[in-house]
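Trainee: Here is my input, please return the structure:
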Amino acid sequence: MNRQSQIFATGLGLAMAAASAAQAAPGDRQVYEAAIARASRVCPDHSPERTGPGIKGIPVAALRVIEQRNYTLCPDRRLDSQTPVVWYGREGVFAWNPAARGSAKLLAGKAAAYAKDQSFPSQTVVWKPNGKLAEGALVPAFRGRMVR
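Mentor: Okay, the predicted model is just below:
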């Protein structure tokens, strides 16, 4: 094999590897659609109007980590404006009150931070609207959609 053939073969191999990696990783739109579809199956308060804006505010890289771990993002109107975002560690669910001002942005920041360092705690974590932990706050228990 001469030098030119080696270069061509190497370039072709790299192109094929890149193409297969691109096919294996779902596109950004598919990642968002999958997260919304999961919410529709799991979350009692799901509706496109409530779920979509919260999920679409999360960076796609964070959503990929959340999807890999089979975690869910659920709107929950039972959460009050003083504790608008919750991580239910045992259930693997981020919940937010879509009616609480700034909750979608807070959700996006907390989900991205947990996904970045993959430090999802096993206990329930509750945040105040300013992003600080709401130590000792009482929130409703997570309830998933009843599947028949």
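Trainee: Please, which helix or strand holds the spatially most central residue of the chain?
Mentor: The geometric centre of the chain, computed from its C-alpha atoms, lies nearest to Leu63 (C-alpha atoms, centre = their mean), at 3.7 Å. Taking DSSP states H and E as the criterion, the element that holds Leu63 is helix 60-68.
Trainee: Can you give me the buried ones in that helix?
Mentor: Using 16 or more other C-beta atoms under 10 Å as the test for burial, helix 60-68 gives 60, 62-67. (Glycine included, C-beta is placed from N, CA and C.)
Trainee: for the residue nearest to the centre of the chain, what are its contacts?
Mentor: 31-32, 35, 55, 111, 115 (C-beta atoms under 8 Å, 6 or more residues apart in numbering).
Trainee: Mind doing that once more with 6 Å?
Mentor: When contacts are counted by C-beta atoms under 6 Å, 6 or more residues apart in numbering, Leu63 is found next to 31, 35.
Trainee: quick thing: my sequence starts at 10, can you match it?
Mentor: Fine by me, first position is 10 from now on; the one you just mentioned is Leu72.
Trainee: Looking at it now. What's its pLDDT?
Mentor: The predicted local confidence for Leu72 comes out at a pLDDT of 97.
Trainee: measure it to Ala108 for me?
Mentor: Using C-beta to C-beta, to the nearest Å, one gets 22 Å for the distance from Leu72 to Ala108.
Trainee: Just give me the neighbour total for the nearest residue to Tyr97 once chain neighbours are set aside.
Mentor: Take Tyr97 and drop its neighbours on the chain: the residue closest to it by C-beta to C-beta, 6 or more residues apart in numbering is Phe151, 4.2 Å away. For Phe151, the count of nearby residues is 22 (other C-beta atoms under 10 Å).
Trainee: for Gly61, same thing?
Mentor: 18.
Trainee: One more: Lys141?
Mentor: Counted with other C-beta under 10 Å, the burial measure for Lys141 works out to 8 neighbours.
Trainee: can you check Val148 too?
Mentor: 19.
Trainee: Check the one 4 residues further on too.
Mentor: Around Arg152 there are 13 other residues, counting by other C-beta under 10 Å.
Trainee: helix/strand/coil for it?
Mentor: coil (DSSP: H, G, I helix; E, B strand; the rest coil).
Trainee: Check which element follows the lowest-mean-pLDDT helix or strand in the chain along the chain.
Mentor: Of all helical and strand segments in the chain, the minimum by mean pLDDT, DSSP states H and E falls on helix 12-33, at a mean of 48. Next helix or strand after helix 12-33 toward the C-terminus (DSSP H and E): helix 37-51.
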